[in-house]
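[1] okay, sequence plus prediction incoming.
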Amino acid sequence: MITNRDLKACKEQLFSYSAAYQVPFYGREKTIEEMQGLTDGLKPRQVLTISQPLGTGKTFLVNYMINNQRIPVPAGSTFLTVKGIAEDPEIMEDFPGDTLVVDEADIKTPVKKLRKGLKLLAEYLDENECKAILLGDYSLRNPAISGCLKYTVPLLHFEDIDQAFLRGVLEQRFKHFLDLEDFQIDQVMEPELIDYLAPEWMKSVNSFRGIFSLFQKIVADDRYVRYNGEAAYLTIETFRDFLCQDQTLQLDQNQKKFWDMLCEYLREMYPKGNGIATGFTDTELYELAKNSGISMSEQTFKEEILYPFAAVDLLASTGIPEYIIESKEFVRRPAPYVPSLRLLLSVL
């Protein structure tokens, strides 16, 4: 039996989503095979790009490949960042070997430094006949961003965080850290909870960071998991109640009005998330806002409600970040949008 005490004692390891704890690597066999083949075949000046949403395990994958000598990068190498290159190009000279590893080609990096850093990387590879592995989000799928590089080779296969994958990761970690031989995740959580944490329509943008940070917060909260010897068991209601009690969400009047309307709309039209497929366009959400009595232009709605909702993970953007060269505007989280985990659990 796994107790609440066991869960609390190992919560950081069981639900780790950063490099702070060494956790076993799970799955991604096809990705590993493809990445090794592409890296072995990289020619000077070429860049292998890994373009996936934030928090999905890109860095973990590359570290695994390095530590298991599947790619020609020395163990212990500190990854460069695009922002760091933009600010100090000479740091590329200190990276060991002829295959640089560069991280954060994503929306966290200011777009000016993102484009500058990529251009400097391309120039360095050209002048020194080196290669690179570049980690980023969907920004790298926008030609206005990826076009800053000369020769790119995309990693095509990267397993989604669907229900089977999430279940496998959790079961592996419980077995590893609690020294269990026979274990199924249903022993410590309601089976339907996995369905909500990794719905089919969210698998392409789901993240370990989003799921596991929520697990850590709930397990750490003594209102939901007490430090005792009772059997541990997490339910959907536990998650829903935690989110409803969360006081960190601060919305202005129009944002609160839209939030209430959006919750009501999802309960009525997509109970438990059923039926959601491709997500909602910004125009569809704007029409919903007008129906709730919000009077503002569509552009103002985007700037004051839609983009802030996506930034604080009330909505999840599934689109490719947009960069408009003429105006230098960078839309980090464009449509289509799907309900975030927080929103989905809030409307149960």
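    Received the coordinates, thanks.
[2] quick one: Lys30 is in a helix?
    Yes - using DSSP: H, G, I helix; E, B strand; the rest coil, the assignment for Lys30 is a helix.
[3] got a list of what the closest residue to it other than its chain neighbours touches?
    Once flanking residues are discounted, Lys30 sits nearest to His157: 5.0 Å by CB to CB, 6 or more residues apart in numbering. Placement of C-beta: from N, CA and C, glycine included. Contact partners of His157, counting by CB atoms under 8 Å, 6 or more residues apart in numbering, are Lys30, Thr31, Glu34.
[4] quick check: the second one vs Pro74, distance?
    To Pro74, Thr31 is 22 Å away according to CB to CB, to the nearest Å.
[5] cool, and Thr235?
    46 Å.
[6] and the helices in the stretch 1-150 of the chain?
    Under the criterion DSSP state H, counting those that start in this stretch, helices of the stretch 1-150 of the chain are mapped to 4-9, 11-14, 29-40, 58-67, 82-87, 111-128, 143-146.
[7] of all the ones you listed, which one is nearest Ala335?
    Of all those, the one in closest proximity to Ala335, counting by CB to CB, is helix 143-146 (17.6 Å).
[8] following element in sequence after that closest one, please.
    Remark: after helix 143-146, the chain's next helix or strand is strand 151-154, criterion DSSP states H and E.
[9] right, and Ile50 touches Ile133 too?
    Yes - at 7.1 Å, Ile50 and Ile133 qualify as touching, with contact defined as CB atoms under 8 Å.
[10] these two: which is more packed in?
    Ile133 (26 against 22; other CB atoms under 10 Å).
[11] contact partners for that one?
    Per CB under 8 Å, 6+ apart, neighbours of Ile133: Thr39, Val47, Leu48, Ile50, Val62, Ile71, Val73, Thr99, Leu100, Val101, Val102.
[12] among these, which ones are in strands?
    Val47, Leu48, Ile50, Thr99, Leu100, Val101, Val102 (DSSP state E).
[13] burial measure for the last one, as a count.
    Right, Val102. Val102 has 23 neighbouring residues, counting by other CB under 10 Å.
[14] right, and it touches Ala132 too?
    Yes - using CB under 8 Å, Val102 is in contact with Ala132, at 5.8 Å.
[15] any residues in contact with both of those two?
    Leu121.
[16] ok, for Leu120, nearest residue in space, not its chain neighbours?
    In space, Leu120 is closest to Pro89, 4.8 Å off (CB to CB, 6+ apart).
[17] where does the prediction get shaky in the stretch 201-348 of the chain?
    The stretch 201-348 of the chain contains residues with pLDDT under 70 at 247-248, 348.
[18] for the closest residue to Gly229 other than its chain neighbours, which residues are in contact?
    Of all residues not flanking Gly229 in the chain, Thr3 sits nearest, at 4.9 Å (CB to CB, 6+ apart). Neighbouring residues of Thr3 by CB under 8 Å, 6+ apart: Asn228, Gly229, Glu230, Ala231, Ala232.
[19] of these, buried ones?
    Buried subset of the contacts of Thr3 (neighbour count, 16 or more other CB atoms under 10 Å): Ala232.
[20] save the contacts of Thr3 as JSON lines, and put in distance to Ala122 and secondary structure too.
    Converted to JSON lines, the contacts of Thr3 look like this (distance: CB to CB, whole Å; DSSP: H, G, I helix; E, B strand; the rest coil):
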{"residue": "Asn228", "distance to Ala122": "57", "secondary structure": "coil"}
{"residue": "Gly229", "distance to Ala122": "59", "secondary structure": "coil"}
{"residue": "Glu230", "distance to Ala122": "58", "secondary structure": "coil"}
{"residue": "Ala231", "distance to Ala122": "56", "secondary structure": "strand"}
{"residue": "Ala232", "distance to Ala122": "51", "secondary structure": "coil"}
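[21] okay then, goodbye and thanks.
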